[in-house]
Every structure is written in C-alpha cells, then in structure tokens.
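**Student:** Quick one, fold the following:
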Amino acid sequence: MIRFLASVALHLLANAAGLLIASLVLPGFHIEVLGFVVSVLLFTAVEVLLGPFVLKMAVQYAPALRGGIALVTTFLGLLVTTWLTDGLRIEGITTWVLAPLIVWLCVLLAAILLPMVLFKNVLAEARDRRA
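**Tutor:** Numbering: from 1, shown residues only. A predicted model of the protein is given here:
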C-alpha cells in the first residue's frame with residue numbers, strides 16, 4: 001500500500017511539473033491558477049485509470065502501439081481534463097501534438113529523478129539497516 005501511495009504521489013508531482021512546463025513552453029497551452037490543482041488531480045486520475053485499459057487494447061488490437069501507450073494515455077488525459085475542467089485549455093493543432101510529448105517527457109524525467117531526490121533518505125536508511 002505504501003508503494004502505491006508513493007507511486008501516486010510521484011505521478012501527481014511529475015504531472016504537475018509536466019503541465020507547468022508545457023504551459024511555459026507552448027503559447028496555446030493555458031492553465032488557470034485556481035484550476036491547476038483540479039486539473040492535475042483529474043489528469044493524474046485519468047492517466048492512472050486509463051493506462052491499463054489502453055495497454056490492454058494495444059496488446060489485443062495493435063501490438064505495435066505498445067511503446068506509445070504512455071503518449072496515448074497522456075493525450076487522453078489532457079483531452080478529458082480539458083473537457084471536464086475550466087483550469088486547462090489547449091488551443092491549436094500544434095499545441096495538441098506537442099503538449100502530450102512535452103508532458104510525457106517531463107513525466108518520464110520526473111519518474112527517474114524524483115525518486116532519487118525524494119526517497120534519498122529512505123533509501124540511505126534502508127542501506128544502513130542492511131549493513
């Protein structure tokens with residue numbers, strides 16, 4: 001259970017960073033300050049819930065898409081979030097193409113770097129206990 005909660009916390013932080021960076025880089029990507037938290041929560045929930053479904057569909061109907069599952073899930077998360085909240089607005093085809101790529105890349109980097117930073121003390125204590 002702790003591992004699941006840590007994973008959700010990392011997803012939330014990574015998605016928040018990805019959405020913020022996309023809003024800074026892309027002129028057609030707008031996040032409202034008050035709706036940011038709701039957008040991050042909804043976007044993360046959609047990704048976590050749709051990820052296994054998209055994986056199952058890709059394996060069953062299009063095995064070649066397995067590598068792009070995270071991008072598809074990110075796109076769907078952005079789409080649903082823009083539909084259901086006022087906190088996130090994406091304008092223009094170029095922004096719709098680049099936003100999932102930028103958010104996905106930020107999430108990928110955060111998934112690699114955040115555990116090293118956030119859980120550094122926990123990992124060090126675990127190593128000390130083993131020694």
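**Student:** Tell me which stretches of the chain form helices.
**Tutor:** Secondary structure of the chain (DSSP state H): helices at 2-25, 36-61, 69-84, 93-118, 120-130.
**Student:** With mean neighbour count as extra columns, can I get these in a markdown table?
**Tutor:** C-beta: built from backbone N, CA, C; applies to glycine. Below are these laid out as a markdown table (neighbours: other Cβ atoms under 10 Å):
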| stretch | mean neighbour count |
| --- | --- |
| helix 2-25 | 17 |
| helix 36-61 | 17 |
| helix 69-84 | 19 |
| helix 93-118 | 16 |
| helix 120-130 | 9 |
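**Student:** Tabulate those in TSV, adding columns for mean pLDDT.
**Tutor:** As requested, the helices of the chain are exported to TSV (pLDDT from 0 to 100):
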stretch	mean pLDDT
helix 2-25	85
helix 36-61	80
helix 69-84	89
helix 93-118	87
helix 120-130	70
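**Student:** which residues sit in contact with the residue lying closest to V80 once chain neighbours are set aside?
**Tutor:** Leaving out its chain neighbours, the residue that sits closest to V80 by Cβ to Cβ, 6 or more residues apart in numbering is V46, at 4.7 Å. Applying Cβ atoms under 8 Å, 6 or more residues apart in numbering, we find V46 in contact with 76-77, 80-81.
**Student:** Lovely, talk soon.
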